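Asker: Need coordinates for the following:
(one chain, ligands or ions: 1)
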Amino acid sequence: MDVKEAIRGRRTVKRYAARPIHSSTLEALLELAVWAPNHRMTEPWSFRVLGPEAKRFYGETLGRLRARKVDDPAVAETLRRRSIENALATPATLAFLQRLDPDPGIREEDYAAIYMGIQNLLLGATADGLVAQVKTGPVLEDPAFRAALDVSDGERVVALVHLGEALETPSPRPRTPAVERTHWLA
Ligand SMILES: Cc1cc2nc3c(=O)[nH]c(=O)nc-3n(C[C@H](O)[C@H](O)[C@H](O)COP(=O)(O)O)c2cc1C
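Answerer: Numbers count the residues shown, from 1 in each chain. A predicted model of the protein is given here:
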């Protein structure tokens, strides 16, 4: 697949076919991530590939965080159960970690480099016929979840990426043409 086709064809998808992704596919996609542009070549990233136990813990954590926001115990229980089911049904869940440099300027550049790595992985996944969802939110900072992912004090979980084969492909979410946001300067 041409890279431009992958850029336009990439879609965020949240539900996946019940087909696993081979570990060699995940390894190859993570190899694309490390080819991100990286000022000073700090290589600030590391990755976690969640196995069944870690996925369950992820689902439990999401469920706990979601359930906190509702008063009805039955609704809270449904949220907890669904979160676990969804986490276990996601064929692959990857965590992108950033090693936190003491210099705030470098930290910001490192964060940007990690997102460029995530985009590399997403485009590679698109070329492999996979779809994905980037996940952020309070779960990334949850102390128990961080411990389960073996994240140290000097690291941050930048994002989780869910990957799988699409059950159905959603329509693209329209974008404002760049021309409307572009000013050519003299
Ligand atoms: C930094 C970042 C965080 C995101 N976090 C979430 C998230 O927590 N949950 C989610 O459903 N999508 C998340 N997304 C995906 C966006 O919602 C998605 O890219 C957007 O709706 C456009 O759809 P598309 O990717 O199919 O073009 C995130 C994307 C980025 C770049």
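
Asker: contacts, neighbours, all on C-alpha from now
Answerer: Noted.

Asker: what's the average pLDDT for the lengthiest helix in the chain?
Answerer: Using DSSP state H, we find that the single longest helix of the chain is helix 104-127. When pLDDT is averaged along helix 104-127, the result is 98.

Asker: which is the next helix or strand following it?
Answerer: Scanning the chain past helix 104-127 towards its C-terminal end, the next helix or strand to appear is strand 131-135 (assignment: DSSP states H and E).

Asker: Which residues does that next one contact?
Answerer: 10-14, 122, 125, 159-166 (Cα atoms under 8 Å, 6 or more residues apart in numbering).

Asker: in this protein, which spans are helices?
Answerer: 3-9, 23-33, 52-67, 73-89, 104-127, 143-148.

Asker: Now do the buried residues in the shortest one.
Answerer: So the one you mean is helix 143-148. Of the residues in helix 143-148, those with enough neighbours to count as buried (16 or more other Cα atoms under 10 Å) are 145, 146.

Asker: quick one: contacts of that helix?
Answerer: Contacts of helix 143-148 from elsewhere in the structure, counted by Cα under 8 Å, 6+ apart, are 54, 57, 58, 61, 139, 140, 152, 157.

Asker: repeat that for 10 Å
Answerer: Outside of helix 143-148, the residues within contact range by Cα atoms under 10 Å, 6 or more residues apart in numbering are 50, 53-55, 57-62, 139-140, 142, 149-153, 155-157.

Asker: Residue 114 is in contact with residue 32, correct?
Answerer: No: with the criterion set as Cα atoms under 10 Å, residue 32 and residue 114 do not qualify as a contacting pair; they are 11.6 Å apart.

Asker: okay, and the common contacts of those two?
Answerer: Shared contacts of residue 32 and residue 114 (Cα under 10 Å, 6+ apart): residue 120.

Asker: Settle it for me: which of these two has more neighbours?
Answerer: Residue environment comparison for residue 32 versus residue 114 gives the larger neighbour count to residue 114, 25 against 19, counting by other Cα atoms under 10 Å.

Asker: measure the more buried one to the ligand for me?
Answerer: 11 Å (Cα to the nearest ligand atom, to the nearest Å).

Asker: show me the contacts for the residue nearest to that residue when sequence neighbours are not counted.
Answerer: If you skip the residues right next to it in sequence, residue 114 has residue 45 as its closest partner in space, 6.5 Å away by Cα to Cα, 6 or more residues apart in numbering. If you count contacts by Cα under 10 Å, 6+ apart, residue 45 has them with 33-34, 96-100, 110-111, 113-114, 117, 155-158.

Asker: partners of residue 45 in the sheet?
Answerer: Here residue 45 sits in beta bridges with residue 98, going by DSSP bridges.

Asker: need the residues of the protein near the ligand, please.
Answerer: Within the chain, the residues that sit near the ligand (Cα under 6 Å from any ligand atom) are 11, 12, 133, 134, 135, 136, 137, 172, 173.

Asker: one more time with 8 Å, if that's ok
Answerer: For the chain, the residues found near the ligand under the criterion Cα under 8 Å from any ligand atom are 10-14, 115, 133-137, 159, 170-174.
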